[in-house]
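Undergrad: I would like the atomic coordinates for the input below:
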Amino acid sequence: MTATAPARPRRPGPQSLVFLAGAVALLGGFVLGIARAGNWLAPSVRLQFRTLDAAGLQTGMAVRISGFAVGQVRRIVLQPDAQVLVELELRDPYRSMVGRRSRAELAQMGLLGDSYIAITPDPAAVGQPPIGDGETLVFTSRPDLDDLITEVASSRIPLQRAVSSGLSLAETRLPRSLDELDRTLVASRRLATRLEADTRRSSSELNRTLGATRALAERLEGRADGTAADLSALIRRLESTETQTRPLLLQTLRELSTMATATNRLVKTLNESWLIELIERTGEPRGERGR
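TA: Next up, the predicted model:
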């Protein structure tokens, strides 16, 4: 038998090398695209917080600020003191929005949406030195849905009692209130009718009073005009009478003055005459005469 020589391995040809290089480049581009989409190559800052309950927390969940995704949860570790350490990774451009007063809390998109970590921004951090890598944030947990359901269930009985008492009160008081309202509306309607009738009467009486007042005013105006004319005529008559009687009165006064002067002269002459002495002697008593 003739011994056969071992087969030599075939060297890859140039076409195989080109194909292999293309596949490696395509795989590298795919990995690079995934890294860019996941921001694996972007600089980031690591923050953390501690909580006593890891319910609802999971690795890879989004971290949001004001509703915008700015990072994700990198690791969740149970500590020896039974606390849960949660490490967050934030992209570096959003580091300036987080400050010492920022808070982390577990939130949810809607009622049945995905859960995420919400970080409240700190406006005072703008212009200040950025937060350092590894800083610990304060975590505020929201009320659990089970606790809320339990509280609602516990408050259901008092609420049901209040609703029942309200319904019974409405059943007893509502008909009475409606009856009283009907009586009030009827009384109001009657009062409105009376007021309307009284208003009509008052308006008619007022119209008659205004008519009588207008007629009286016209009469008074006519009488006032006649009285004014009579007064004007009387004044003119008095003026004419005064003009006529003034010369006669002056003449009478002059005659009276002349008569008084003549009388005075006559009395004076009589006083000085012997006839007065004779009269005086005649009036004396006889005894006085013999003396």
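Undergrad: which parts of the protein are helices?
TA: Remark: helices assigned in the chain by DSSP state H are 14-37, 145-272, 274-282, 286-290.
Undergrad: can I get those helices in TSV with distance to Val63?
TA: (Each C-beta comes from the backbone N, C-alpha and C, glycine too.) Below are the helices of the chain laid out as TSV (distance: least, CB to CB, whole Å):
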stretch	distance to Val63
helix 14-37	17
helix 145-272	22
helix 274-282	159
helix 286-290	167
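Undergrad: let's have these in JSON lines, adding mean pLDDT.
TA: Output for these, formatted as JSON lines (pLDDT from 0 to 100):
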{"stretch": "helix 14-37", "mean pLDDT": "66"}
{"stretch": "helix 145-272", "mean pLDDT": "77"}
{"stretch": "helix 274-282", "mean pLDDT": "57"}
{"stretch": "helix 286-290", "mean pLDDT": "50"}
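Undergrad: can you redo these as TSV with distance to Tyr94 and mean neighbour count?
TA: Output for those, formatted as TSV (distance: least, CB to CB, whole Å; neighbours: other CB atoms under 10 Å):
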stretch	distance to Tyr94	mean neighbour count
helix 14-37	17	10
helix 145-272	30	10
helix 274-282	156	9
helix 286-290	164	7
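Undergrad: which residues sit in contact with Ser44?
TA: By CB atoms under 8 Å, 6 or more residues apart in numbering, Ser44 lies in contact with Gly71, Glu89, Leu90, Arg91, Asp92.
Undergrad: how about it, nearest residue that isn't a chain neighbour?
TA: Glu89 (5.0 Å; CB to CB, 6 or more residues apart in numbering).
Undergrad: check which residues of stretch 117-134 are buried.
TA: Buried residues in stretch 117-134, counted by 16 or more other CB atoms under 10 Å: Ile117, Ala118, Ile119, Thr120, Pro121, Asp122, Ala125, Ile131.
Undergrad: and the fourth one, backbone torsions?
TA: Meaning Thr120. Phi and psi for Thr120, reported as degrees, to the nearest 10, are phi -80, psi 130.
Undergrad: same question for the last one.
TA: Recorded main-chain torsions at Ile131 are phi -70, psi 140, according to degrees, to the nearest 10.
Undergrad: tell me the confidence at it?
TA: We note a pLDDT of 79 for Ile131 in this prediction.
Undergrad: could you pull up the residues touching it?
TA: Contacts of Ile131 (CB under 8 Å, 6+ apart): Val45, Leu47, Arg95, Val98, Gly99, Arg100, Ala125.
Undergrad: now the third one
TA: Applying CB under 8 Å, 6+ apart, one finds that Ile119 lies in contact with Val63, Arg64, Ile65, Val70, Leu90, Val98, Ser102, Arg103, Ala104, Leu137.
Undergrad: let's see it at 6 Å
TA: For Ile119, the contacting residues are Ile65, Ser102, Ala104, by CB atoms under 6 Å, 6 or more residues apart in numbering.
Undergrad: kindly report the same for the fourth one.
TA: For Thr120, the contacting residues are Ser102, Arg103, by CB under 6 Å, 6+ apart.
Undergrad: Gly132 versus that one, what's the distance?
TA: Computed with CB to CB, to the nearest Å, the distance linking Thr120 and Gly132 is 19 Å.
Undergrad: one more: the first one?
TA: Computed with CB to CB, the distance linking Ile117 and Gly132 is 19 Å.
Undergrad: next, count neighbours for Cys83.
TA: That one is not Cys; residue 83 is Gln. Neighbour count of Gln83, defined by other CB atoms under 10 Å: 14.
Undergrad: report the contact partners of it.
TA: Per CB under 6 Å, 6+ apart, neighbours of Gln83: Arg50.
Undergrad: could I get the phi/psi values of it?
TA: Dihedral angles (degrees, to the nearest 10) for Gln83: phi -90, psi 160.
Undergrad: begin at 48 from now on, thanks
TA: Sure thing, new numbering starts at 48, so read that last one as Gln130.
Undergrad: measure it to Val185 for me?
TA: Taking CB to CB, one finds Gln130 at 13 Å from Val185.
Undergrad: could you identify the longest strand within the protein?
TA: If you go by DSSP state E, the chain has its longest strand at strand 115-125.
Undergrad: what lines up beside it in the sheet?
TA: When sheet partners are counted by DSSP bridges, strand 115-125 sits next to strand 109-112 (antiparallel), strand 131-138 (antiparallel).
Undergrad: for Lys315, find the nearest of those strands.
TA: strand 109-112 (144.8 Å; CB to CB).
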